[in-house]
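Novice: fold the following and give me the result.
(one chain, ligands or ions: 3)
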Amino acid sequence: MTTKARAYAGFNKSSPLGPHAIDRRDPTPNDVEFDILFCGVCHSDLHTVHSEWPGTVYPCVPGHEIVGRVTRVGSAVKNFKPGDLAAVGCMVDSCRDCASCNAGLEQYCDRYGTVFTYNSPDRHLPGQVTYGGYSSKIVVHESFVLHVAASQAKNLAGVAPLLCAGITTYSPLKHWGAGKGKKVGIVGLGGLGHMGVKLSHAMGAHTVLFTTSAGKVEDGRRLGADEVVISRDEAQMAKHAGSFDLLVSTVAASHSLDPFTALLRRDATLVLVGAPEHPHPSPAIMNLIFRRRAIAGSLIGGIPETQEMLDFCAARNITADIELIPIQKIDEAYARMLKSDVKYRFVIDAASLKE
Ligand code: NAP
Ligand code: ZN
Ligand code: ZN
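Specialist: Residues are numbered from 1 along each chain as shown. Ligands and ions are numbered 1, 2, ... in the order given. Just a heads-up that it's a prediction; the model follows:
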């Protein structure tokens, strides 16, 4: 059995998004159903809707930074009840029984069983793909539903972006040891980058923001950067040569990595989380060989770490800096994102789906 939900979808790679009705399954024994209140707008939504990555199935309902209030739960659900706050990020299921899933790293499911929140085959509704948070409600297995602290309830719109932008920066910062005594660089001040700056600062690292936008220097400092570097200014970049313990790059476009690998100390790592449509040019190998430097990638974060990140943020009152928009402005938001004009995450007010 299914019920209809209101949604906004992309119907092909170039037309504006528009209203669309979707099916949501009735909760099975382990499912949580909730009304969506807010959904953040990630650059991945744009990459997917515009078919910049392979495999988009249309109609495509994006959105994976979802916060809402529980309406119904299945008979076996223990950790949620109607009225609770609930959140869902980039995944709604996985095989739940491989080494990675058992380690709480469901995003790296060894059986490629990760079911992403949108554009993945839907196991419950054969022939359909999953539909994301640009919609009025969602039904998700309770193991993939996160708790939002009551103390964060006053700013749920600011909590939504933690579900992707937050965890995607928190996870590599933790994995590669950001903290006191470490010099950490965040590259790009958009949705992910501004959370990276806040989280790196909160972990106690000396945090340096790299931006291409001279107009973002003051904001970078306000958000927690100890220093801000204009990455296209060679003289500013040269001052930091060989000095970083970790760089996390959130850049959404193809560019040379060499100016950044040159900033790493011996044994330090440049972690790429930005996933541009076209690959970066092959990096200069000598930059890597001579100081045993590494380039790595990182995909969102597992469910236990996502809850840890939400709790970390709740304890420190960390939320995203957002611009709240009605769903009808989504194409305008995408156009501004392409101009790096995001301050610093668009969040959809799901109430606008009723208009
Ligand atoms: P965003 O809000 O659009 O921010 C991207 C930032 O990159 C821009 O604000 C800009 O910052 C910088 N930038 C853009 N074009 C650039 C260029 N040509 N050269 C240098 N810098 C440029 O995007 P987002 O939502 O944070 O997402 C960033 C990327 O991460 C996207 O590719 C997205 O798909 C990917 N992503 C990956 C994961 C993962 O798990 N790995 C998760 C979520 C998103 P400045 O103005 O400061 O230069
Ligand atoms: Zn995302
Ligand atoms: Zn698995």
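Novice: around ligand 3, pick out the residues from the protein.
Specialist: Proximity of the chain to ligand 3 is confined to 94-95, 98, 101, 109, 111, 113 under the rule C-beta under 5 Å from the ion. Bear in mind the C-beta positions are built from the backbone N, C-alpha and C, glycine included.
Novice: and with 8 Å instead?
Specialist: By C-beta under 8 Å from the ion, the residues of the chain that approach ligand 3 are 94-102, 106, 109-111, 113-114.
Novice: in helices only, show me the residues you listed.
Specialist: The helices, defined by DSSP state H, take in 99-102 from the residues of the chain next to ligand 3.
Novice: make CSV out of the residues you listed and add pLDDT, neighbour count and distance to ligand 2.
Specialist: Shown next, in CSV, are these (pLDDT from 0 to 100; neighbours: other C-beta atoms under 10 Å; distance: C-beta to the ion, whole Å):
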residue, pLDDT, neighbour count, distance to ligand 2
Ala99, 98, 10, 25
Ser100, 98, 18, 20
Cys101, 98, 22, 21
Asn102, 98, 12, 25
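Novice: ligand 2 contacts on the stretch 101-250 of the chain?
Specialist: So far as C-beta under 8 Å from the ion goes, the stretch 101-250 of the chain lies against ligand 2 at 164-165, 168, 191-192.
Novice: biggest separation within those residues, which pair?
Specialist: Farthest apart among these by C-beta to C-beta are Thr168 and Gly191. That separation is 9.3 Å.
Novice: also within reach of ligand 1: list those from the residues of the stretch 101-250 of the chain next to ligand 2.
Specialist: Among these, the ones lying near ligand 1 by C-beta under 6 Å from any ligand atom are 164-165, 168, 191-192.
Novice: now distance to ligand 1 too, for the ones in helices among the residues of the chain next to ligand 3, in a markdown table please.
Specialist: As requested, those are exported to a markdown table (distance: C-beta to the nearest ligand atom, whole Å):
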| residue | distance to ligand 1 |
| --- | --- |
| Ala99 | 20 |
| Ser100 | 15 |
| Cys101 | 17 |
| Asn102 | 21 |
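Novice: which one in this protein is furthest away from the centre?
Specialist: Phe290 (33.2 Å; C-alpha atoms, centre = their mean).
Novice: from Leu17, how far off is the closest residue to Met195 other than its chain neighbours?
Specialist: Excluding its sequence neighbours, the residue lying closest to Met195 (C-beta to C-beta, 6 or more residues apart in numbering) is Ala165, at 4.4 Å. For Ala165, the distance to Leu17 equals 20 Å [C-beta to C-beta, to the nearest Å].
Novice: which one of these two has more residues nearby?
Specialist: Ala165 (30 against 22; other C-beta atoms under 10 Å).
Novice: ok, of the residues of the stretch 101-250 of the chain next to ligand 2, which come out buried?
Specialist: 164-165, 168, 191-192 (16 or more other C-beta atoms under 10 Å).
Novice: which pLDDT does the model give the most centrally placed residue in the chain?
Specialist: Nearest to the mean C-alpha position of the chain, by C-alpha atoms, centre = their mean, lies Cys164 at 2.3 Å. Per-residue pLDDT puts Cys164 at 98.
Novice: quick one, phi psi at it?
Specialist: The phi and psi values for Cys164, taken as degrees, to the nearest 10, are phi -130, psi -60.
Novice: tell me if I'm right that it and Gly63 touch.
Specialist: No: between Cys164 and Gly63 there is no contact under C-beta atoms under 8 Å: 9.6 Å.
Novice: overlap in contacts of these two?
Specialist: Taking C-beta atoms under 8 Å, 6 or more residues apart in numbering as the contact rule, Cys164 and Gly63 both touch Gly40.
Novice: how close does Ser256 sit to Gly188?
Specialist: 14 Å.
Novice: and those two? Which one has more around it.
Specialist: Counted by other C-beta under 10 Å, Ser256 and Gly188 do not tie: Gly188 has more neighbours, with 27 against 12.
Novice: quick check on the more buried one: phi, psi?
Specialist: phi 100, psi 120.
Novice: which residues does it contact?
Specialist: Residues near Gly188 by C-beta under 8 Å, 6+ apart: 210-212, 249-252, 274.
Novice: how about 10 Å then?
Specialist: Applying C-beta atoms under 10 Å, 6 or more residues apart in numbering, we find Gly188 in contact with 43, 194, 196, 209-213, 216, 231, 248-253, 255, 273-274, 340.
Novice: in strands only, show me those.
Specialist: Assigned to strands by DSSP state E, the following of these qualify: 209-211, 248-249.
Novice: hmm, which two among those are most spread apart?
Specialist: Among the ones in strands among the contacts of Gly188, Thr211 and Val248 lie farthest apart (C-beta to C-beta), at 13.6 Å.
Novice: mutual contacts of the two, please.
Specialist: Taking C-beta under 10 Å, 6+ apart as the criterion, Thr211 and Val248 both touch 186-188, 193.
Novice: roughly how far does the residue of the stretch 201-350 of the chain found nearest ligand 2 sit from Leu246?
Specialist: Residue nearest to ligand 2 within the stretch 201-350 of the chain: Ile300 (7.4 Å; C-beta to the ion). Distance, Ile300 to Leu246, by C-beta to C-beta: 18 Å.
Novice: please verify my assumption that Ser200 contacts Ile186.
Specialist: Yes: taking contacts as C-beta atoms under 10 Å, Ser200 lies within contact range of Ile186: 6.1 Å.
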